[in-house]
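Engineer: Quick one, structure for this:
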Amino acid sequence: MAFTISRRLGFGDCDPAGIAFYPAYMRLLVDVTEAMFGDFGAPWPAMVRDRRLGVPTVKLDVDFTAPAFHGETLDFAVGVAALGRSSVDLRHRVAVGDRTVWTARQVLVATSLDTHRAVAWPDDIRAGLAAHLEKTHAPDPAA
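Structural biologist: Okay, here's the model as predicted:
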């Protein structure tokens with residue numbers, strides 16, 4: 001089941017014409033991904049501070065399909081397409097009502113902040129990610 005959350009586009013998220021500025025989308029993507037981890041009990045501040053675990057993005061592919069405007073509410077749906085030993089392949093769909101605004105594929109890797117090397121997902125985080133695993137996507141062998 002996808003993780004869902006909404007975010008309103010503020011003045012600072014838009015260009016002078018009131019259209020969402022794509023770098024703001026990337027900030028929102030990070031915010032939503034962090035919220036998803038927090039929702040299943042793995043808040044990023046504690047992961048970094050207490051567990052010395054990071055989750056850098058190693059692949060990001062975004063398709064922009066329609067504009068969004070100042071004041072609109074973006075509805076995010078984030079699903080897990082594949083879950084590897086140390087990686088997770090996320091699929092994002094961002095919409096305003098029924099209109100898809102953009103989609104993204106994002107691959108994160110669990111990384112030790114001490115060695116900067118990939119590490120296996122801790123069992124509790126793996127379980128949280130697995131709860132969002134979508135059965136409609138074939139696993140990506142590279143993930």
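
Engineer: What's the per-residue pLDDT of Leu133 here?
Structural biologist: Looking at Leu133, its pLDDT reads 94.

Engineer: partner residues bridging the residue nearest to Gly54 when sequence neighbours are not counted?
Structural biologist: Spatial nearest neighbour of Gly54, excluding adjacent residues (CB to CB, 6 or more residues apart in numbering): Thr111 at 4.6 Å. Every residue, glycine included, has its C-beta placed from N, CA and C. Beta bridges link Thr111 to Gly54, Ala118 when assigned by DSSP bridges.

Engineer: Poorly predicted segments of the chain, please.
Structural biologist: Applying pLDDT under 70 to the chain picks out residues 136-143.

Engineer: what's the longest helix in this structure?
Structural biologist: Scanning the chain for the longest helix, with DSSP state H as the assignment, gives helix 22-39.

Engineer: mind listing what Leu53 touches?
Structural biologist: Under the criterion of CB atoms under 8 Å, 6 or more residues apart in numbering, the neighbours of Leu53 are 47, 110-113, 119, 122.

Engineer: so Arg91 makes contact with Gly79?
Structural biologist: Yes. Using CB atoms under 8 Å, Arg91 makes contact with Gly79 at a distance of 5.0 Å.

Engineer: Enumerate the strands of the chain by residue range, in sequence order.
Structural biologist: 3-8, 53-54, 57-64, 73-83, 87-96, 99-109, 111-112 (DSSP state E).

Engineer: so the first one versus strand 73-83, what angle?
Structural biologist: This points to strand 3-8. Interaxial angle, strand 3-8 versus strand 73-83 (axes from the mean of the first three to the mean of the last three CA atoms, to 10 degrees): 150 degrees.
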